[in-house]
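Undergrad: Quick one, what's the 3D model for this:
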Amino acid sequence: MEQRTLYEILEQTADRLGDRPALHQPCRRSDGTQYRSYTWNEFRDACREIAAALAGLGVRKGDVVAIASETRAELYLADFGIMAAGAVSAALYTAYHPADQVRTLMACGAKIVFVEDPGMLKRLRGACAGQADWQWVLMTGEEQGVTTLGELRRAGAEAMARNPDLWPRLRRAVRAEDPAILYLTSGVTAEPKMALVSHRALAANASLGPEVLNAGPEDSTLAFLPSAHIIQRLVIELIMVYCGVPVWFSEGLLRLPHELITVRPTLFAAPPRVWERVYKTVRMEIDRRPEPLRRLANAALEAGLRRVDLRAAGQRVPLWLTLVCGFADRLVYRKIRGRFGGRLRFAASGAAPLGADLARFYMAIGLPLHEGFGLTEGGIVILNPLGRQKPGSIGKPLPGVEVRLAEDGELHIKCPYLFMGYFDDPRATASVLDGEWLRTGDICRRDSDGYLFITGRKKDVVITSAGRKVYPVLVENLFKTEPLINQVLVLGDALPYPVALITVNTAAALSLKGMEAYKDRPASEVAAAPAVREEVERAVSRVNRRLAEFDRIHRFRVLDRDFTIEAGELTATMKKRRDRILANHRELIEELYGVKGKL
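TA: Numbering: from 1, shown residues only. Predicted coordinates for the structure are as follows:
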């Protein structure tokens, strides 16, 4: 039967898997972390109870109900319950300042807000400053006068018991064309917008899961990304529900390395920053080993990379190299894969460009990453095929997706997964649609095999005063395998040459020779150390040797701090906001060009 709504996806999975485990929520106790598990039947029943209770609170079809919480099992219950009631579910980016979250709540007209705990409730109420107050539901903990999730579920169960027709009536009222989710875009190039997506589009996108992932109840995954983001919401929530994959929830980024080892997921999706950090940690650990072990590990990695390059070129891998890589797998590769639990069979990277060098590294150690492409307005639309990945490529269009490249290389897509439009903003909607085609804003190229490669964001292209086009992302990606470098921003629009602002990894900086005296000093002093400056210069030189003359970084500055969400320089998904970074560091950039007061 074709799915009409997202609830029907959950219902059919529950009918198929019943009392098998669906969700595993960590509960920290004095004797260690334990898990509260929900079966598929419990998940479905909770969804019905929440939907019935929301109807009793006056929530009507099309109303917006918001969720302010880190990703956890109770969020999944609330999310499906909201959508089953015919309401629109809007998850907030909790990494943003509470005042920003309150502005979002006011802009979308949220009727009820689910909050994670009393602490989150206190922060949001404090940020309201008397402007507004909502009906709140606490997902965990208690607060006087505030309804808890448990109380809400009991009220829904009682309402259905009193009125047996209540749930069937709610279920019948929700249709495939109705809006289901209100996404808050991350706001990389402008203020965040809110995008409405229908049940039909989300269900159709989720239905690709079995074909693309070949996933089922014997698999498992680990959820740690914010639920406001499409990768978490669509891939780790909706597709996992469609396929019946149990989801384990993380306690946070600091616990993630341990959880990967204990949960041992078979499916895992993460943004490039996670894969980059693991790579840089491995490189730092290798560099600290005695010289014989260091040389052995480096030789093992070089052999793996050589094999990757031969395969990519369609050339035969010689027997001796196959034997060397087999030996390297036992000594090196397997240990690196063990950091992800040792069972990972599908690893995906998305939300930002990964970079070919990182992709080659993971392919070399036997953990090929499936880089893909998706966006709030269009769903997940492009992915590297299983077993046929190309380093640096976002892959090929998924079933049902058509792509075209405009004259300037901008990627346009047409598919059944497109959004309904921006919330209360028809002008913004019209600006990204060309009939049935969505303008993505990404510059792309396509190779002879049909694989697509992102060159950069259309708005981010730098055109120097000499008229040369520089694509910052392509340059910045070359630094991803430099352990010392944390973030790089390349600038130069309408200026003579490219320059860069660079932030450093403090742990990697302290491991450099000559940094012993900086061990207990602030990060700002570590970044300014002569040894750090010299190593950054070497890293810039290595990258410049790989670039054409007009792409090369002519001058750079090492900042005394990293880019942050709090300073407005990063989105909640850790993408750089170039305009804000430029504004915050304008004086430094003017010094790089010697044009004080002219930028």
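
Undergrad: Report the rounded mean pLDDT for the longest helix along the chain.
TA: As assigned by DSSP state H, the longest helix anywhere in the chain is helix 291-312. Here helix 291-312 scores 94 as its mean pLDDT.

Undergrad: Packing partners of that helix?
TA: Where contact means 3 or more Cβ pairs under 8 Å, 6 or more residues apart in numbering; DSSP states H and E, helix 291-312 is packed against helix 272-288, helix 319-328, helix 356-364. The C-beta positions use only the backbone N, C-alpha and C, and glycine is treated the same way.

Undergrad: If we use 10 Å, what do you get?
TA: With contacts defined as 3 or more Cβ pairs under 10 Å, 6 or more residues apart in numbering; DSSP states H and E, helix 291-312 has these neighbours: helix 272-288, helix 319-328, helix 334-337, helix 356-364.

Undergrad: Pick the most deeply packed of those helices.
TA: Highest mean neighbour count of the helices and strands packed on helix 291-312: helix 356-364, a mean of 22 (counted as mean count of other Cβ atoms under 10 Å).

Undergrad: what inclination does the helix or strand just after that one have with respect to helix 356-364?
TA: Once the chain leaves helix 356-364, the next helix or strand it forms, by DSSP states H and E, is strand 369-375. For strand 369-375 against helix 356-364, the angle by axes from the mean of the first three to the mean of the last three Cα atoms, to 10 degrees is 130 degrees.

Undergrad: Start at 24, not 1
TA: Yes, from this point I'll number from 24; that puts the last item at strand 392-398.

Undergrad: gap between strand 392-398 and the chain center?
TA: Per Cα atoms, centre = their mean, to the nearest Å, the displacement of strand 392-398 from the mean C-alpha position of its chain is 10 Å.

Undergrad: Averaged pLDDT, it. What do you get?
TA: pLDDT averaged over strand 392-398 gives 93.

Undergrad: ok and it relative to helix 295-311, angle-wise?
TA: Going by the same axes, to 10 degrees, strand 392-398 makes 150 degrees with helix 295-311.

Undergrad: low pLDDT regions in the stretch 124-273 of the chain?
TA: 208-215 (pLDDT under 70).

Undergrad: Try it again at 90.
TA: Applying pLDDT under 90 to the stretch 124-273 of the chain flags residues 126, 151-156, 207-216, 234.

Undergrad: cool, and the stretch 474-622 of the chain?
TA: Applying pLDDT under 90 to the stretch 474-622 of the chain picks out residues 478-492, 496, 515-520, 543, 572-573, 588-589, 591, 593-602, 605, 613-622.

Undergrad: try 70 this time
TA: In the stretch 474-622 of the chain (pLDDT under 70), the answer is 618-622.

Undergrad: What segments of it are helices?
TA: Shown for the stretch 474-622 of the chain, the helices assigned by DSSP state H, counting those that start in this stretch span residues 495-500, 529-533, 546-550, 553-567, 601-607, 609-616.

Undergrad: right, so those: which one is the most enclosed?
TA: Most buried among the helices of the stretch 474-622 of the chain, counting by mean count of other Cβ under 10 Å: helix 495-500, with a mean of 22.

Undergrad: Show me what that helix packs onto, helices and strands only.
TA: The contact analysis (3+ Cβ pairs under 10 Å, 6+ apart) places helix 495-500 against helix 379-387, strand 475-480, strand 508-514, strand 522-527, helix 553-567.

Undergrad: As a markdown table, these with distance to residue 36 would be great.
TA: Shown next, in a markdown table, are the helices and strands packed on helix 495-500 (distance: least, Cβ to Cβ, whole Å):
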| stretch | distance to residue 36 |
| --- | --- |
| helix 379-387 | 31 |
| strand 475-480 | 32 |
| strand 508-514 | 40 |
| strand 522-527 | 44 |
| helix 553-567 | 47 |
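
Undergrad: if we can go back for a sec, would TSV of the helices and strands packed on helix 314-335 with distance to residue 503 and mean pLDDT be doable?
TA: Conversion of these to TSV gives the following (distance: least, Cβ to Cβ, whole Å; pLDDT from 0 to 100):
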stretch	distance to residue 503	mean pLDDT
helix 295-311	5	91
helix 342-351	22	96
helix 357-360	16	95
helix 379-387	5	94
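
Undergrad: Between those helices, which one is closest to residue 109.
TA: helix 295-311 (36.0 Å; Cβ to Cβ).

Undergrad: could you give the angle of that closest one to strand 508-514?
TA: 130 degrees.

Undergrad: coming back round to it: as CSV, the helices and strands packed on helix 314-335 with distance to residue 47 would be great.
TA: Converted to CSV, the helices and strands packed on helix 314-335 look like this (distance: least, Cβ to Cβ, whole Å):
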stretch, distance to residue 47
helix 295-311, 20
helix 342-351, 35
helix 357-360, 23
helix 379-387, 26
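
Undergrad: Residue 464 is nearest to which of these?
TA: Of all these, it is helix 295-311 that lies closest to residue 464, at 18.6 Å by Cβ to Cβ.

Undergrad: relative to helix 314-335, how tilted is that closest one?
TA: Using the same axes, to 10 degrees: helix 295-311 against helix 314-335 is 140 degrees.

Undergrad: Run a quick neighbour tally on the residue nearest to residue 521 when sequence neighbours are not counted.
TA: Leaving aside its chain neighbours, residue 521 sits nearest to residue 515 (4.0 Å; criterion: Cβ to Cβ, 6 or more residues apart in numbering). Applying other Cβ atoms under 10 Å, we find 25 residues neighbouring residue 515.

Undergrad: likewise residue 467?
TA: 21.

Undergrad: now swap in the one 3 residues further on and tell me
TA: Other residues lying near residue 470 total 10 when counted by other Cβ under 10 Å.

Undergrad: correct me, but residue 425 touches residue 438?
TA: Yes. The pair residue 425 / residue 438 is scored as a contact, 6.7 Å apart, by Cβ atoms under 10 Å.

Undergrad: Comparing the two, which residue is more hemmed in?
TA: Using other Cβ under 10 Å, the more surrounded residue of residue 425 and residue 438 is residue 438, with 22 against 12.

Undergrad: so what's the closest residue to that one other than its chain neighbours up against?
TA: Nearest residue to residue 438 in three dimensions, chain neighbours excluded: residue 424, at 4.3 Å (Cβ to Cβ, 6+ apart). For residue 424, the contact set (Cβ atoms under 10 Å, 6 or more residues apart in numbering) comprises 228, 231, 396, 401-406, 436-440.

Undergrad: and for residue 425 and residue 438, which residues touch both?
TA: 404, 459, 460.

Undergrad: Out of these, grab the one that's most surrounded.
TA: residue 404 leads the shared contacts of residue 425 and residue 438 on contacts (other Cβ under 10 Å) with 27 neighbours.

Undergrad: Many thanks, I have nothing further to ask.
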